[in-house]
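**Q** Fold the following, please.
(one chain, ligands or ions: 1)
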Amino acid sequence: MQPLDVLVVAPHPDDAEISVGGIIAASRRQNLRVGVIDLTSGEPTPRGTPERRREETEQATKVLDLSWRSNLDLPNRSLQPTLDARRRLAEVFRLTRPGIILAPWWQDVHPDHVAASSLCDDARFWAKLSRSDMEGEPFWPPRLLHFLSIHLRIHPSPSVVMDITPDIETKMTAIRCFGSQLTIGQDQPFPSVLDDIRDRARYWGWAISTGYGEPLMNRESVGISSLTSLL
Ligand SMILES: [Zn+2]
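**A** Residues are numbered from 1 along each chain as shown. Got it, this is the predicted structure:
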């Protein structure tokens, strides 16, 4: 397949939409090839079923106009960075050959998210191994950034914030596809989950003097050859 520019690694279907739905929509608008690998089905949840979650994921995939999406069907709620999971995710990296991987931030209280973050590091390393029986050719994903899909009410300092002002409605439409995870159209107390998501995007937009934004964390240095890169 044609290599992806960006691959989002999501522990559960809806994490990509909630955390980087705007970045995905903006990147597609800019003609980048963007894919999502969901690690688990995300089920069981109180009001979801595997079938319904799959349909919701298909709808959100259309809204975001993704170039590629798949699911590794690793165990939800008990996701672990096992050797088998590492191999399977490394094979995805070797197949899709993304220029940028967007992975969950390592700091969280949801064990699946912490495990997914660790798994991304492990699989990134394994993806480059030669003399291996893994599918695909050796490949070192050059850039790994982390998105905030966290269940902690904290104030992290992101490395970059991307302006998603033109894409906020596409992000919210994609998130609303996951009706099994949201109480939509019912009387519910303020603030709803959707209020929280939109207000956080507005907060990060405020942080960079624009309408809406999405933050990314980066452990590795970004090289520049001109200050114009920062203008
Ligand atoms: Zn999740």
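
**Q** wait, what's in contact with the closest residue to the ion within the chain?
**A** Minimum separation of the chain from the ion (CB to the ion) falls at His12, amounting to 3.7 Å. C-beta: built from backbone N, CA, C; applies to glycine. Taking CB atoms under 8 Å, 6 or more residues apart in numbering, we find His12 in contact with Asp38, Leu39, Thr40, Ser41, Gly42, Asn76, Asp112.

**Q** rerun at 10 Å
**A** 18, 38-43, 45, 53, 57, 76-77, 79, 104, 110, 112-113, 116, 149, 178, 181 (CB atoms under 10 Å, 6 or more residues apart in numbering).

**Q** Likewise for Ser27?
**A** By CB under 10 Å, 6+ apart, the contact list for Ser27 reads Asp5, Val6, Val8, Val20, Arg33, Val34, Leu64, Ser67, Ile100, Leu102, Met162, Asp167.

**Q** Under a three-state scheme, what state does it occupy?
**A** helix (DSSP: H, G, I helix; E, B strand; the rest coil).

**Q** Let me see the contact set for the spatially most distant residue from the centre of the chain.
**A** The centre of the chain is farthest from one residue, Arg131, which by CA atoms, centre = their mean lies 30.3 Å away. Neighbouring residues of Arg131 by CB under 10 Å, 6+ apart: Pro138.

**Q** How about the secondary structure of it?
**A** Going by three-state DSSP: Arg131 is coil.

**Q** where's it relative to Pro138, distance?
**A** Arg131 is 9 Å from Pro138, where distance means CB to CB, to the nearest Å.

**Q** same deal with Ile175?
**A** Separation of Ile175 from Pro138 (CB to CB): 36 Å.

**Q** now Ser159
**A** 28 Å.

**Q** can you give me the helices in the chain?
**A** Taking DSSP state H, the helices of the chain run over residues 15-29, 50-64, 83-96, 111-127, 168-176, 193-207.

**Q** Let me know which of those is tucked in deepest.
**A** Compared across the helices of the chain, helix 15-29 shows the largest average neighbour count, a mean of 25 (mean count of other CB atoms under 10 Å).

**Q** Helix 50-64 and that one, what's the angle between them?
**A** Using axes from the mean of the first three to the mean of the last three CA atoms, to 10 degrees, the direction of helix 15-29 lies 30 degrees away from that of helix 50-64.

**Q** Kindly calculate the angle that helix 15-29 makes with helix 111-127.
**A** 50 degrees.
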